[in-house]
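Enquirer: Have a look at this prediction, sequence included:
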Amino acid sequence: MLDFQGVQIKWLGHASFKILGEGKVIFIDPYQIDPSEPADIILVTHAHFDHCSLEDIDKIREKSTVIVAPADCAAKLGNNVKTVAVGETVEIEGIKVTGVPAYNTHRFRSPGVLFHPKEAGWLGMVLEIGGVKIYHAGDTDKIPEMKSIECDVALLPVGGTYTMDAEEAAEAANLIKPDIAIPMHWGKIVGSEDDAKKFSEKANVEVRILGKKEVKEEKKFVL
């Protein structure tokens, strides 16, 4: 777990995180998690099963839990859901969540069909909590919009296939210039700790690899 200026960031595997700060428990893209405590806020970046997992959301959701998600996810999530789109900000009890672009430029499921097309309106998110800005990039390649991201901590995918690989993620980190970068989207479905280490070696910013342990590789799924 990383403690950054009083805000705690715990990687739960893949693209899942738990954020603790301002007396709130916030989960991002919970997937194959062991429920620990109920969520005050759940952030969902996009509709793929390993990010918008209804089974995992139900593990940590209570009546008071607020979910923030793009419109196509919100339609599946029921009550107490706030929709957010690129360029929009929602605020929950002083905690701000801003939608930012996340999309592929050169990773295709079939000729001409991207895994994460820009027109889908799927998201990265910038979470502002306790004076700290945390950027969760979502599933994305390195994109021009990243040069406008301002954050203290960047959570960046490194696994390749569906997202940036380690080298591209390092280029993104060097563009964004966070105080700390944390690799994600490895260890389940695609990517390994070697990708996280390669990212650390190539990025010109401080990198923290959270949850260091041997992770069982799983077969790749079609998203």
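Expert: Received, thanks. Residues are numbered from 1 along each chain as shown.
Enquirer: State the distance from the most far-flung residue of the chain relative to its centre to Ala15.
Expert: Distance from the C-alpha centroid of the chain peaks at Pro111, with 26.5 Å (CA atoms, centre = their mean). Counting by CB to CB, to the nearest Å, the separation of Pro111 from Ala15 is 26 Å. Using the backbone N, CA and C atoms, a C-beta is placed for each residue, glycine as well.
Enquirer: Low-confidence ranges, the chain, go.
Expert: In the predicted model of the chain, residues 212-223 satisfy pLDDT under 70.
Enquirer: Going along the chain, name the helices of it.
Expert: Applying DSSP state H to the chain gives helices spanning 54-60, 71-77, 166-176, 193-202.
Enquirer: and these, which is most packed in?
Expert: Most buried of the helices of the chain by mean neighbour count (mean count of other CB atoms under 10 Å) is helix 166-176; its value is a mean of 22.
Enquirer: just the angle between it and helix 193-202, please?
Expert: 40 degrees (axes from the mean of the first three to the mean of the last three CA atoms, to 10 degrees).
Enquirer: For helix 166-176, name the packing helices and strands.
Expert: Contacts defined by 3 or more CB pairs under 8 Å, 6 or more residues apart in numbering; DSSP states H and E place helix 166-176 against strand 153-157, strand 180-184, helix 193-202.
Enquirer: Apply 6 Å and report the result again.
Expert: Under the contact definition 3 or more CB pairs under 6 Å, 6 or more residues apart in numbering; DSSP states H and E, helix 166-176 sits against strand 153-157, helix 193-202.
Enquirer: from the chain's centre, how far out does that helix sit?
Expert: On the basis of CA atoms, centre = their mean, to the nearest Å, helix 166-176 sits 15 Å off its chain's mean C-alpha point.
Enquirer: who touches that helix?
Expert: With CB atoms under 6 Å, 6 or more residues apart in numbering as the test, helix 166-176 has contacts from 142, 146-147, 149, 154, 156, 158, 181, 195, 198-199, 202-205.
Enquirer: Okay, Ile95 and Pro111: tell me how far apart.
Expert: To Pro111, Ile95 is 42 Å away according to CB to CB.
Enquirer: now Asn80
Expert: 41 Å.
Enquirer: re earlier: okay, the helices and strands packed on helix 166-176 in JSON lines with distance to His51 next?
Expert: Output for the helices and strands packed on helix 166-176, formatted as JSON lines (distance: least, CB to CB, whole Å):
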{"stretch": "strand 153-157", "distance to His51": "11"}
{"stretch": "helix 193-202", "distance to His51": "19"}
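Enquirer: What distance separates the opening and closing residues of stretch 18-33?
Expert: 10 Å (CA to CA, to the nearest Å).
Enquirer: Show me which positions of that stretch end up buried.
Expert: Within stretch 18-33, the residues that count as buried by 16 or more other CB atoms under 10 Å are 18-22, 24-31, 33.
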